[in-house]
Structures are given as structure tokens and as C-alpha cells.
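S.K.: just the structure for this:
(chains A and B)
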Amino acid sequence: MRTSGMETIIGRLQAAWRGIVWYAREISGEARYDHYLEHFAVEHPGETPMSESEYIRAREEYDRLHPNTSCCC
Amino acid sequence: MTDATVQVPAPGKLEFNNDYTPAEAVRVIRNSKGLPVGVRPKMVWTWKKALLWAVIAIVCACGWTLLAVSRGERISAIWFLVVALSSYAIAYRFYAYYIQIKIMRTDDANATPAERVHDGANFERTDRRVLFGQHFAGISGAGPLVGPILAAQMGYLPSTLWIILGVIFAGAVQDMLVLWISAKRRGRSLGQMATDEMGKFGGMILSIFLVVMTAIAMAFLALVAIKAMAASPWAVFSIGMTIPIALAMGCYQRFLRPGRVIETTLLGFVLLVLDIVAGGWIASVPAVAAVFTLDAKELVIALVIYSFAAAALPHWLLVTPRDYLSTLMKIGTLVLLVVGIIIANPSVKVPGLTELASQSTGPTFSGSLFPFLFITIACGALSGFHGAVSSGLTPKAVEKENQIRMIGYGSMLVESFTAVIALIAAITISQGVYFSTNMSAAQITAVSGVSVTATSTPAEQAEAAVKAVSSMKVSDIEGNQMQVTWDSVDENGAAKTYEGAEALEKAASDIGEKTIVSRTGGATTFAMGMANFLKSYLGGHDSMAFWYHFAIMFEALFILTTVDNGTRVARYQIGEMLGNVRKLKKFADPTWKPGNIITTLIATALWGGLLWMGVSDANGGINAMVPIFGISNQLLAAACFVIVTVCVAKLGYKKYLWIPVVPLAWDIAVTFTADFQKIFGPLSYFATASKYQAQIASGELSGEALANAQAALSNAYLDGVLSVFFLVMMSIFVVVGIVTVVRTFASGKFGPETTSEEPFVESQWFAPSSLMATSLEKKVQREYSVKLHELTQNERAAA
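M.R.: Sure, this is the predicted structure:
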């Protein structure tokens, strides 16, 4: 009984940690390339996607030309 | 890719055993392929839930009663957190839900812009919890930290009422409804929506207004930062060092570890902490400290050069890494502060209403409670600028219509909560310290009769400030004349409360500054409060100077982000506007370099000029700039409500038109009254201008005094002209709105087809609506995964 109790606690902690990592990666934009790969695989099967650096460069260029408004106040 | 395409779901257990209860089954929305794509919103009551909400309502009522009726006894600041959170919970659960059902009528069968367009760039479905964080980071800025501090001179009650009720009935409603109308229109911007719904004229007014408003907001917030940095080598060094830190982070991410954002951010944060510590060392070595001791005007020049550099350098090098840091600080500091308040449990030192509440001559802002308190607390309760953010990236990324309440209304509640925290910071330090910090040198001279200037020694300034505080008739929470006191420790580390001039000097040395007198603008006050909360559980008394400068850094990072982001946005807006003129079409092309340089120059000249005049003003500039900033921001809010009202009227929801119209009417009453008083009468900018005009004409002024008077004169004229400009522009905009509504009613034609709403497109995607998925939503998620799996299998088999 005791070990299984410990196991559930460890399992929960692991799940919580995975949740934190997932959130940090999503909100910081680190996971964006992963999403790009997922979409690319579905929408252009068989083609070669951009490499991570290429993708980041393309994204930077896009952001430069499409500035978003964040609040000044 | 107009048609919503089927996506592969997140891998998970493909197990679904149709375990809906009958009540649940009827709420599931299925599309024509049989995919469950949403859940109809419904309030489901169990007795447990009813009990929970009853408890929340009782706690809320008790809290409000305590804050409203307490006289003469000390109350804990934790009550403010309780009152705010319970009110927010009730408003979110019931009022926001009511608006969702009656006005937004969100329908998960309809695809959102992210699903319709799905271009792999900005139109990208984003998880609701992530989007909540991103939207909050987008709307939050230094504004809510400043307004409540300045408003605290009138006591805590009017501020608390406006921050909490204002956000519930106005601020959050505006954010949510603008997000909603934009999401229904492929994430179009505020200006485009005004053009679509109210004609070209309305759209043009809004575009010009946005540019001017951006410049004013930037100048005002930059002034706040400069007031905290002037003559403080610690702050100047540590904030200046954020530039090399950002460069280092940028290069690290570019060349060493591409795409590793979290790692880079953590590295930057460690450097930032070391940097703040190093600032203390810099300040303690006189020879080095002298290098970093800059006055306000030098800082303006530095800031302008910086903003040009930020515009010229590639983004990844400076702007992007600094954005990472400020986002981390925004969210992290909020959490630290809430914990700090709970642990420190400070008691409130300011009464609900002070004597200044019934006067119009208070030092931090002039004018009577109505309308100027509501103008001063701008962003924490209602901020028009959020309309621009809510019609920016967020509507393009939202997954389902039912999530709009959580993202739009919820984020604004958090923003309001930051304002409550700022208010707590201001009302838990002694009033004497508060007024000493927030009165300009000229005001202290006028009240105390002792002449002080920025060049007086700290001891002289402290003496004069104490004299000024004792001659102002303001009571503390116990009903006695307010005192200058500072709770600290003596040489042996024993707790001791200092009084009078000694208190001001001790406070300054505790936070590692030379003086705290006349540090107007609210940033110093906020940072002192924050240092008090954080030292209670992180580092003890000795860490106070660190936390003070951490707080200043927190505000300064916001403001630097504002400065370069604002310059960039203003530059594009100006380019777009110039591009409308036939001969200047080239300006609309963002890749045209000469055009970029010219528009950047115009944008910088706008805010830089305003800022320069602000720091030249003998009265400190804050006093003159607060109303113009607040008025412009809240007039923009009125414009947002006008657009929302027009949309709701066109949909024919006459019965619920009051939901946007009531805050609109209130906002117009506040802003127009304030604006009138700033144009006509004793409080007006023109009255101030003629006062300075007379002083200059008398020929009695010379040297610095003359220069100051001239600066104040041109400042007053400019602010006066801007007030007239705002009033005229917004009056026209409101009239255009009313005409549109009347025409709609006269035509008798209502419905989505009379608006610029996009027609219905069937959704193929499921995602839960609230922060935590309900058990029904989890079941639907499982059914969705299974059904989608089957569908793709069948399609493959058919192919």
C-alpha cells in the first residue's frame, strides 16, 4: 500500500512538472517550431520542412513586418 | 485555406464509452460530420456549488462592509485582497456569463479566425491557458502601478471602489466585447472595425487618435521611470546594464542555442539579479557613482538615443530578449507580491477618505474627486488601449468562441488586481512618507514656506518635507494629524519606528538612495511598498535596498518595452496614415527604409518632445501629464464602447444595449467633464499658461526660474491644445456612433448580415472553454479524439 501511495505522489509531481515545462515552452514560444512541424506533416506530407534556424529567421522577418500592439499602459 | 481543415488531435488514450448523462448529452454540439466541437454554456447547480457561492458572496459582503465602515481602527491589507478576489469571482461567474449568453451568444459550432485562416503565422490556434497568459502580458503595463498610487491621496475607499467596480462593469466588459467583435471579424483591428461599421470618417478619427494617444502614454510612463532614475546611480546603472544583458541574451539565443527561449530567459534573469546587486556596489563608490548620476534631462536624451538604437538594431538582438525578461518579471513579480502581502500582513495607515477627497488642491493630482480620481486611476479599472490589444493578436489565436470570456474578461481582472496591489503599497506606508515622496519641490516650498530645490541637500529637503506634511491638514486612519514615520531597525537590529526628518533619511538609507523627498510619479512609492512586502519573507531587512531596486527595475523594464514597442507601433500607424495620401503612398510599404527612418523620427519627436517638456516643468510634470494621459486613454475606451454599442445595436439586441451603454455614458461623463475643466475654468491648462505668462511678463524671473516658467508655459499650452483636440475628435466620433445606431433602428434591419461579421463556417475542432476543463468537457474531448481518429481512418481507407 505504502509504495503505491508514494508512486502516486511521484506520478503527480512528474505530471505537474511536465505541465510547468509544457506551459513555459508554449508561452515563451519555444514550442512554436514543434507545432510548425506537426502542421507541416499534415498539410504538406512528403515535403521537407524548414530547419529550426530557418524557421526562426522566417518568423523574425514576419514579426518585423507585422508589428503587434501590446499595451503602452 | 479558407475551409477549416481537420487536424490530428493530441495523442492520448483513444477510449470513449458514451457515458454522458441525459442532461449532458443535449449540451454537446456536433458538426455535420458528427464531430463533437463544443459544449453549450449552461449554469449547472448542485447544492455544493450553491453553498460555495453563498460563502463567497457572504465573505465579499463582509469585506466590503469592513472597508466601508471602519473608522479609527487599523485594518489588515489582506482584506483588500479578499474583497477584490471575491468580487472578481462573482463578477466573472455571473455578470460576464450573463454578457456571454445575452450579447456575445458565443457558439462553438462556428470556427474562430485561427481555424478559418490558419496561415501558420499569427492565425494559429493557441491553447486557452497559454493565450490567457499572452493576452495578459499584452495588456499589462506600468499604468496600473502608477494611477492608484497617485489617487491614494484621497483615501483608499474611492480608489478601491473604482478599481473593482470599474473593472467589473467597464474595463473587463470592454476588453471582452472588443475581443468578441474582433474575433467575429477575422481579428480585424479597432481602426478597421470602426471603418467597417461606422464609415471611413470614424475609422480615420480613431487612427489619428491612436497615434497621439500612444505618444502621450509613452511620454507619461517614461516620465515616471525618469523620476525614479534621476540622481540615482544604482537605478541608472542597473537599468542601463539591461541593454548589454539583452545583447548577450540575443547573441546566446542566436548563435549558441537557437530557439532555446526558456534557457535564455533564465540566464538573463540571473544576470539581472547580479546586475541589481552590482548597482548597490556602484552606488557605494563615490567616484563610480558620479558617472552614473544623471539628471532628468540627460536621461531623456539617453532614452531617445536608446529608442533609435532599438529601432535600428535587428530585433533578435535587443528587443526580443528584453521582452522575454519583462514578461517573466510581469508574471513572476505579481506572484511574489501577493505572497509578500499575505506574509507581511501590513496594516492600512490611510483612512477611507482623507480631507483631500473633498478638495481639489491635492498635491499628486489637482481637481476634485469626480472626475479626476477616475481619470487618474486609468488602466487598472478601464483602459482604452486594451481595445487595441484585444483586436490584435489574441482574436487571431483564440481556439473557440466560448473561451472569449475567460481570456478577455479574466485577463483584465488580473490587471485590475495589480492595481489593487499598487494601492496597497501606497496605503501601507505612513502618509507623511507618502506625501514627502509625492510632492514636487515646488509644492513642498509652497506648503512649508521653506525654499527647496532639486539641489538642496537631503537633510534640507527632509526638514522642509516634514514641515510641509505637518502644515497640511490631513488625518491618518486613527483620526490624528498625519505624521512622517518609518518602521525600520536601529544599529543593533532592534525594531524601531523613526519619526520626522529622521524617518525620511532612514527610509532613504534603507532603500539605498540619497533621498526619497520629491520622487514624484509613483514609482518610488510603489517600490518602497514592494520592498516592504518582499523583505518580510525574502532576505529580511538587509535585503530592502535590493528589493527596492528590483521593483524599480520591474517598472523600468515595462517602460523600456513600452518605449520601443510604442515607437514601432506608432511608426507603422504613421506610415499607414501617410500612405493614404496619394503622393505619399510609398510610406505604407514597411520595407521602404527612408520611409522607416522618417516615420521613426516623427514618432520619437512626438513622445520625446512631450517628455522633454514634462521634465522641464518646475512642478515636476507628472501633475500636468496625469490628466492628459488619463483623459486620452479613457476617451479611447469610450471609442471602444461606441464601436461595441454599434455592433450590438446592429445585431438587434436592444434589450441588452445597456451593457455597453452604461459604462459608455459613465465614461463620457467622466472624460468630458475632466476635459472641459482642463480647457475652461481655474483648473484649466490655459489658466496655468496665463499664470506663467504673467510671471514671465513681470520680468521678475531670471536664470533657471525663467527657463522653468517658459517650459511650463509651453507645456500648458500644448496640453491645453491636446485637450481641445481630444474633445473635438471624440465628440465627433460619438456623434457618428449615435447616428449609426439611430439609422440602424430607423431601417429596422438587424442581424449579423447587416454588420461586417464573417459568415458562419463550421468548426472541426474541440477545446474546453474554462481554465479547468469540466468533467463534461473531458468526456467530449475523448469522444472528439476517437471520432476524429475514425474519420481519418475512413478517409484513408476511401483514398
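
S.K.: do you know the pLDDT at residue 73?
M.R.: Reading this off chain A. Note for A:Cys73: predicted pLDDT of 68.

S.K.: not what I meant, chain B
M.R.: Reported pLDDT for B:Glu73: 78.

S.K.: show residues contacting the helix or strand containing B:Pro395.
M.R.: Secondary-structure element containing B:Pro395, defined by DSSP states H and E: helix B:394-397. Applying C-beta atoms under 8 Å, 6 or more residues apart in numbering or on different chains, the external contacts of helix B:394-397 come out as B:112-114, B:117, B:122-126, B:131, B:134-135, B:138, B:179, B:182-183, B:186-187, B:407-408. Heads up, the C-betas are built off the backbone N, CA and C, glycines and all.

S.K.: residue closest to the middle of chain A?
M.R.: Nearest to the geometric centre of chain A sits A:Ala31, at 1.9 Å (C-alpha atoms, centre = their mean).

S.K.: so how far is the first residue of stretch B:222-235 from its last?
M.R.: 14 Å (C-alpha to C-alpha, to the nearest Å).

S.K.: what about that stretch, average pLDDT?
M.R.: Stretch B:222-235 comes out at a mean pLDDT of 90.

S.K.: what's the neighbour count on the residue lying closest to B:Ala231 once chain neighbours are set aside?
M.R.: Excluding the flanking residues, the one nearest B:Ala231 by C-beta to C-beta, 6 or more residues apart in numbering or on different chains is B:Thr293, at 5.9 Å. Neighbour count of B:Thr293, defined by other C-beta atoms under 10 Å in any protein chain shown: 18.

S.K.: flag every residue of the stretch 601-750 of chain B that's near chain A.
M.R.: B:629, B:633 (C-beta under 8 Å from any C-beta of the partner chain).

S.K.: SS state for the residue in the stretch 601-750 of chain B that chain A sits nearest to?
M.R.: Nearest residue of the stretch 601-750 of chain B to chain A, counting by C-beta to the nearest C-beta: B:Asn633, 6.1 Å away. With DSSP: H, G, I helix; E, B strand; the rest coil as the basis, B:Asn633 sits in helix.

S.K.: and what of B:Val37?
M.R.: B:Val37 - assigned by three-state DSSP - is strand.

S.K.: pull the number of nearby residues for the one residue in chain B that gets nearest to chain A.
M.R.: Here the residue of chain B nearest chain A is B:Gly143; by C-beta to the nearest C-beta that distance is 3.4 Å. B:Gly143: 30 surrounding residues under other C-beta under 10 Å.

S.K.: against B:Phe385, how distant is it?
M.R.: According to C-beta to C-beta, to the nearest Å, B:Gly143 stands 8 Å off from B:Phe385.

S.K.: which parts of the helix or strand bottoming out on mean pLDDT in chain A are buried?
M.R.: Lowest by mean pLDDT, DSSP states H and E among the helices and strands of chain A is helix A:52-65, with a mean of 86. Across helix A:52-65, burial judged by 16 or more other C-beta atoms under 10 Å in any protein chain shown covers A:55-56, A:59, A:63.

S.K.: what about B:Trp486, which helix or strand?
M.R.: Using DSSP H and E, B:Trp486 falls in strand B:485-489.

S.K.: now do the next helix or strand after that strand, average pLDDT.
M.R.: For strand B:485-489, the following helix or strand on the C-terminal side (DSSP H and E) is strand B:495-499. Across strand B:495-499, pLDDT averages out at 93.

S.K.: ditto for stretch B:38-51
M.R.: 94.

S.K.: measure that stretch end to end?
M.R.: 28 Å.

S.K.: cool, and stretch B:191-204?
M.R.: First residue to last in stretch B:191-204 (C-alpha to C-alpha) measures 7 Å.

S.K.: quick check: buried residues in it?
M.R.: So for stretch B:191-204, counting by 16+ other C-beta under 10 Å, buried means B:191-198, B:202-203.

S.K.: residues near B:Pro244, how many?
M.R.: Neighbours of B:Pro244 (other C-beta under 10 Å): 12.

S.K.: what ranges do the strands span in chain A?
M.R.: Counting by DSSP state E, no segments of chain A form strands.

S.K.: tell me which parts of it are close to chain B?
M.R.: Checking chain A against chain B by C-beta under 8 Å from any C-beta, the hits are A:23-30, A:33, A:35-36, A:38-39, A:42-43, A:52-53, A:56, A:59-60, A:62-73.

S.K.: longest helix anywhere in chain B?
M.R.: helix B:703-747 (DSSP state H).

S.K.: how about whichever helix or strand comes after it: buried residues?
M.R.: Under the assignment DSSP H and E, the closest C-terminal helix or strand after helix B:703-747 is helix B:775-798. With burial defined by 16+ other C-beta under 10 Å, the residues of helix B:775-798 counted as buried are B:776-777, B:779-788.

S.K.: mind checking how far helix B:775-798 is from the chain centre?
M.R.: 42 Å (C-alpha atoms, centre = their mean, to the nearest Å).

S.K.: quickly check: that helix near chain A or not.
M.R.: No: using C-beta under 8 Å from any C-beta, helix B:775-798 never reaches chain A; the gap is at least 9.8 Å.

S.K.: report all helices and strands that that helix contacts.
M.R.: strand B:28-30, strand B:36-39 (3 or more C-beta pairs under 8 Å, 6 or more residues apart in numbering or on different chains; DSSP states H and E).

S.K.: what mean pLDDT does that helix get?
M.R.: pLDDT averaged over helix B:775-798 gives 91.

S.K.: in the sheet, who's paired with B:Lys496?
M.R.: B:Ser488 (DSSP bridges).

S.K.: pretty sure it contacts B:Thr485?
M.R.: No: the criterion here is C-beta atoms under 8 Å, and B:Lys496 misses it with B:Thr485 at 10.6 Å.

S.K.: surely B:Gln431 touches B:Glu355?
M.R.: No: taking C-beta under 8 Å as the definition, B:Gln431 is not a contact partner of B:Glu355, at 11.1 Å.

S.K.: intersection of neighbour lists for those two?
M.R.: Joint contacts of B:Gln431 and B:Glu355 (C-beta under 8 Å, 6+ apart) are B:Val474.

S.K.: quick one, which of these two is more surrounded?
M.R.: B:Gln431 (27 against 16).

S.K.: residues touching the spatially closest residue to that one that is not a sequence neighbour, list them.
M.R.: Excluding the flanking residues, the one nearest B:Gln431 by C-beta to C-beta, 6+ apart is B:Met482, at 4.0 Å. Taking C-beta under 8 Å, 6+ apart, we find B:Met482 in contact with B:430-432, B:435, B:469, B:472, B:474-476.

S.K.: B:Met482 and B:Gly703, how far apart?
M.R.: If you go by C-beta to C-beta, the gap between B:Met482 and B:Gly703 works out to 35 Å.

S.K.: B:Ser714 too?
M.R.: 18 Å.

S.K.: do the same with A:Pro45
M.R.: 77 Å.

S.K.: one step back: what's the farthest-apart pair in the contacts of B:Met482?
M.R.: B:Ser430 and B:Met472 (13.5 Å; C-beta to C-beta).

S.K.: more neighbours, the two?
M.R.: B:Ser430 (23 against 20).
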